[in-house]
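**Student:** Sequence and computational prediction follow.
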Amino acid sequence: MSNADTRVGILISGRGTNMVALVEAMLAGRVPAVPAVVVSNVPGAAGLARAGELGVATEIVDHRGMRPREAHEQAVAQALADHGVRWVCLAGYMRLLRGPLLAAFPTRILNIHPSLLPAFPGLDAQEQALAYGVRIAGCTVHLVDEQCDHGPIVAQAAVPVLDGDDVAALSARILAEEHRVYPEALRRLIVDPWRIEGRSLRFGS
């Protein structure tokens, strides 16, 4: 299979702006891959309509009432497999992954987080950054493992924290970098050789 045939699934829970950035990069040829499907655990997620407008297949796998938790992950993994997905990108997907998805796509699940990890994992990262008074914030693309915002770092982008910033202003500045760095990180993982050494991901043979 050539790089251009690599099929990518994107998981969303909301508006999916990073999903749009990824899909547009693939459709434009900047990332040599196919946006195979967008899956949401929230039936009314705004990103589903946007994905449809871009011509990408969509699936809803509602987590509500699905027990145990692993059963939902297994259903998501099956939906991705049905579309021939090789890489999975989380784009505002508001559920922690446990066993089934990680087992189905080992070292093939990416996430983007609005901080310079390992600083400020979890929710409200921008608010945490402002509360600590940091002068540099940013975003991190990382491989996903069993822990929250923890896997090997693929790429990061820094933004300044300006005097007078509030959460909305800082979030907007970080989001612009997310839309740039996420497709580029996916492109490198598909095109370039890489390996994991301990906690670190290294590019190069």
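**Tutor:** Perfect, thanks for sending it. Numbers count the residues shown, from 1 in each chain.

**Student:** tell me the secondary structure for Ala103?
**Tutor:** Three-state assignment for Ala103 (DSSP: H, G, I helix; E, B strand; the rest coil): helix.

**Student:** do you know how far it is from Asp145?
**Tutor:** 12 Å (CB to CB, to the nearest Å). Where C-beta positions appear, they are placed from N, C-alpha and C, glycine not excepted.

**Student:** list the buried ones in the helix or strand where Ala176 lies?
**Tutor:** Using DSSP states H and E, Ala176 maps to helix 167-191. By neighbour count on 16 or more other CB atoms under 10 Å, the buried set for helix 167-191 is 170-171, 173-175, 177-179, 181-190.

**Student:** what does stretch 32-44 give?
**Tutor:** Pro32, Ala33, Val34, Pro35, Ala36, Val37, Val38, Val39, Ser40, Asn41, Val42.

**Student:** In a helix, the fifth one, correct?
**Tutor:** No. Under three-state DSSP, Ala36 falls outside any helix and is assigned strand.

**Student:** Contact partners for it?
**Tutor:** With contact set as CB atoms under 8 Å, 6 or more residues apart in numbering, Ala36 has these partners: Arg7, Val8, Gly9, Val56, Ala57, His83, Gly84, Val85.

**Student:** Of these, which qualify as buried by neighbour count?
**Tutor:** Applying 16+ other CB under 10 Å to the contacts of Ala36, the neighbour count classes Arg7, Val8, Gly9, Val56, His83, Val85 as buried.
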